[in-house]
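K.L.:
fold the following and give me the result.
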Amino acid sequence: MHPVDSQNIAAFPGGFRKTSARSILVNIICVYDGHFTAEDLARRVRALGRSISLVTIYRNLPILERAGLIRRTCLTGTATRYERTWQRRHHDHLICTRCGKVVEFEYSAIDVLQDAVAAEHGFLPTDHHLELMGVCSDCRGAAGSEAGGALGAPPAGGAP
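P.N.:
Now for the predicted structure:
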């Protein structure tokens, strides 16, 4: 895997123009581990001793998304989060609704089922985004394990 830098930024689809701000953002994103907000990027920019306005960062995020470098994800809460997609395998997310913990996972059977459902309806999928919301084991343990098991299942001892 070769990280993207300001020298090979033109290799991305979409033909976006190379600017110094965009080059800095691409370099930060390509080594960013995990999910991030525009504000997270701004902090990293400042930590490098550089200056890019938050407005410029927000303006560049859709361009980098169209170029296939990042995607919007974890759309819960108030801030839109992104993750690097370029040279990363597709994955889905488990999100704890109490503490915000995000677990990335791959499970090929989900892709097979989605493709089967799409084919059954004559639909050609181009992408998908799966986020399962729930309560993680740490939060369940801290709260006395009151959460139910399967989707829609009531908590143990609860009414249907």
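K.L.:
got the contact list for the residue nearest the centre of the chain?
P.N.:
When CA atoms, centre = their mean is applied to the chain, the residue found nearest the centroid is residue 73 (3.4 Å). If you count contacts by CB atoms under 8 Å, 6 or more residues apart in numbering, residue 73 has them with 35, 81, 82, 83, 93, 129, 131. For every residue, glycine as well, the C-beta is placed using N, CA and C.
K.L.:
change it to 7 Å
P.N.:
For residue 73, the contact set (CB atoms under 7 Å, 6 or more residues apart in numbering) comprises 35, 81, 82, 83, 93, 129.
K.L.:
between these, which sits nearest residue 104?
P.N.:
The nearest member of these to residue 104, counting by CB to CB, is residue 93 at 6.0 Å.
K.L.:
residues contacting the closest one?
P.N.:
The contact partners of residue 93, by CB under 7 Å, 6+ apart, come to 73, 74, 102, 103, 104, 131.
K.L.:
could I have the ChimeraX command that selects the buried members from the contacts of residue 73?
P.N.:
Filtering the contacts of residue 73 down to the buried ones (16 or more other CB atoms under 10 Å) takes a single ChimeraX command:
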select :81,82,83,93
